[in-house]
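A.B. asks: mind folding the following:
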Amino acid sequence: MLIPRVNKTKTFEVSPHQWVIAGFAFIICIGALILASPIASSTGESIGFLNAFFTSTSAVCVTGLTVLDTGQDFSIFGQIIIMVLIQIGGLGFMTFGVIVAIILGKKLGLRQRLIIQESTKSTSIQGLIRLSLHIFMIAFIFEAIASVILSIRWVEDLGLKNAIYYAVFHSISSFNNAGFALWSDSLSRYVGDPTVNIVITLLFIVGGIGFTVIIDIYNKRMWHTLSLNSKIVIISTTVLSLVGFLIIFILELINPAIFGTLSWGEKLWAAFFQGLTPRTAGFNTIDISSMLEASQFFIIFLMFIGASSGSTGGGIKTNTLVVLILAVLSSIKGRDEIHIFNRRIANEYIQRALAIIMISLGVVLFVSFLLTITEDHLKHDFIEFLFEATSAFGTVGLTMGLTTDLTIPGKIIIMLTMFIGRLGPLTLAFALSQKKTSKVSYAEEKILIG
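C.D. replies: Residues are numbered from 1 along each chain as shown. Okay, the predicted model is just below:
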């Protein structure tokens, strides 16, 4: 009797989420290998693979946390590699893949389009090639204009050649919300400089509101015709920026360590810049470690929120926060649905927002807990561990001075946190899980809440 052969071979399909994770990990590894080479160091000796891996992770994840001084410890070659990694990490490696495919005259299949959709956080696979081109052009235009303005501003301080180089580096770092600076004190020397403050701030705000919002504003230009997502992003960004500026200004007025030596104009610019930069930009014009604990805790709150969905920034995103706030208000008012601007938000977005916030809180608190163990010998206050964990997860790059003192386990923990924060907690969760549709519907039962 013939026995039929059963093929037990199971095909392993890689999901778009897994492709995105693999792509970012691959770029980080390549960047680390290059940065670990002696040519990338200012001394001609390797900075060590762990430091190179940390720097590459921070650059690709557009965070800005550094264990070495970017301007002093890296050669021009190393700094250019960091700049390239920032650009690739900020815009997404698939955006560059689309550009290469177009140059080579190759067509993108469904799988490639799904990966682009996941990489850009787009809601549809329609028009993804055009979106990728728009992302590339938007970044190029804003970074080019900012580079020209900053070059003119810095030519007297640095000379023409250095002014152009510094302008290009900081424009790319700002637009991609990376926070890498070539000065040891970040941008503190320009605390009261209107040109530097305005240009850098506009860059990371534009980069942080999301490319789909920029395109929507350019195409429609009228408030009532904008998409609901664009309206939510614009309003939330404006409110958080104003609140950030006012609270930092009011709190630090009573802190002589920060505002004691600054003129009133410098105080206003310092509060303006430091109230906006925690939204994943990572630059600072004042010493974070010298700020009041109330200000530091408020910055943690801003870093946790981050920028907007589909942008170069991190955090839980302003869209997520707004959806959850609206859900809470609707629950208080006894409504079954969420309405805003005469539109209804589906329940699936509420569940997604709740999942993102809960997972993000869990990650930040767990990382903070781990840092209290691995860095216990440093005798830092808990707020410094919480600050570092939130900054890494939100891909912000601000620090109270803990980064350079991290132990080897601490560096590894922060690297993993930056990676999770850049990808997003849900992307990682979807990549590690298998989606299963339940065919069983269970009986409903009430439980006590609150």
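
A.B. asks: okay, CA-based contacts and neighbour counts for the rest of this
C.D. replies: Fine.

A.B. asks: point out where the stretch 351-450 of the chain drops to low pLDDT.
C.D. replies: Across the stretch 351-450 of the chain, the ranges flagged by pLDDT under 70 are 378-379, 426-439, 448-450.

A.B. asks: which residues in it form helices?
C.D. replies: Counting by DSSP state H, counting those that start in this stretch, one finds helices in the stretch 351-450 of the chain at the ranges 382-393, 408-423, 425-432.

A.B. asks: quick one: which of those is nearest residue 364?
C.D. replies: helix 382-393 (5.6 Å; Cα to Cα).

A.B. asks: which strands and helices sit next to that closest one?
C.D. replies: If you count contacts as 3 or more Cα pairs under 8 Å, 6 or more residues apart in numbering; DSSP states H and E, helix 382-393 packs onto helix 293-305, helix 347-374, helix 408-423.

A.B. asks: need the winner for burial among the helices of the stretch 351-450 of the chain.
C.D. replies: Highest mean neighbour count of those: helix 382-393, a mean of 26 (counted as mean count of other Cα atoms under 10 Å).

A.B. asks: now it and helix 293-305, what's the angle there?
C.D. replies: 20 degrees (axes from the mean of the first three to the mean of the last three Cα atoms, to 10 degrees).

A.B. asks: residue 78: which of the helices of the stretch 351-450 of the chain is closest?
C.D. replies: helix 408-423 (19.3 Å).

A.B. asks: residues contacting that closest one, please?
C.D. replies: Contacts to helix 408-423, defined as Cα atoms under 8 Å, 6 or more residues apart in numbering, come from residues 21, 54, 57-58, 61-63, 314-315, 363, 367, 370-371, 374-375, 389, 392-395, 403, 428.

A.B. asks: do the same with stretch 305-317
C.D. replies: 62, 90-91, 120-122, 175-177, 207-212, 233, 237, 278-281, 303-304, 318-319, 321, 356-357, 360, 393-396, 421-422, 424.

A.B. asks: now it - C-alpha only, CSV.
C.D. replies: Output in CSV follows, covering the C-alpha atoms of stretch 305-317 (Å, rounded to 0.1, in the frame of the first residue of the first chain):
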residue,chain,number,x,y,z
ILE,A,305,5.3,62.3,24.4
GLY,A,306,7.8,63.0,21.6
ALA,A,307,7.0,64.2,18.1
SER,A,308,4.2,63.1,15.7
SER,A,309,3.6,59.9,13.8
GLY,A,310,5.4,59.4,10.6
SER,A,311,8.1,61.9,11.5
THR,A,312,11.8,61.8,12.2
GLY,A,313,11.1,62.0,16.0
GLY,A,314,10.3,59.4,18.6
GLY,A,315,8.2,59.1,21.8
ILE,A,316,4.7,57.8,22.0
LYS,A,317,3.7,60.5,19.5
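
A.B. asks: state the mean pLDDT of it.
C.D. replies: Regarding stretch 305-317, the rounded mean pLDDT is 85.

A.B. asks: how far off centre is it?
C.D. replies: 6 Å (Cα atoms, centre = their mean, to the nearest Å).

A.B. asks: one more: stretch 83-96?
C.D. replies: 12 Å.

A.B. asks: what about the closest residue to residue 294 other than its chain neighbours, how many neighbours?
C.D. replies: Once flanking residues are discounted, residue 294 sits nearest to residue 251: 7.5 Å by Cα to Cα, 6 or more residues apart in numbering. Residues within reach of residue 251, counting by other Cα atoms under 10 Å, total 15.

A.B. asks: JSON lines for the helices and strands packed on helix 382-393, including distance to residue 72?
C.D. replies: As requested, these are arranged in JSON lines below (distance: least, Cα to Cα, whole Å):
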{"stretch": "helix 293-305", "distance to residue 72": "27"}
{"stretch": "helix 347-374", "distance to residue 72": "27"}
{"stretch": "helix 408-423", "distance to residue 72": "20"}
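
A.B. asks: now for these, which one comes closest to residue 47?
C.D. replies: Closest among the helices and strands packed on helix 382-393, using Cα to Cα: helix 408-423, at 14.2 Å.

A.B. asks: what's the angle between that closest one and helix 347-374?
C.D. replies: Using the same axes, to 10 degrees: helix 408-423 against helix 347-374 is 170 degrees.
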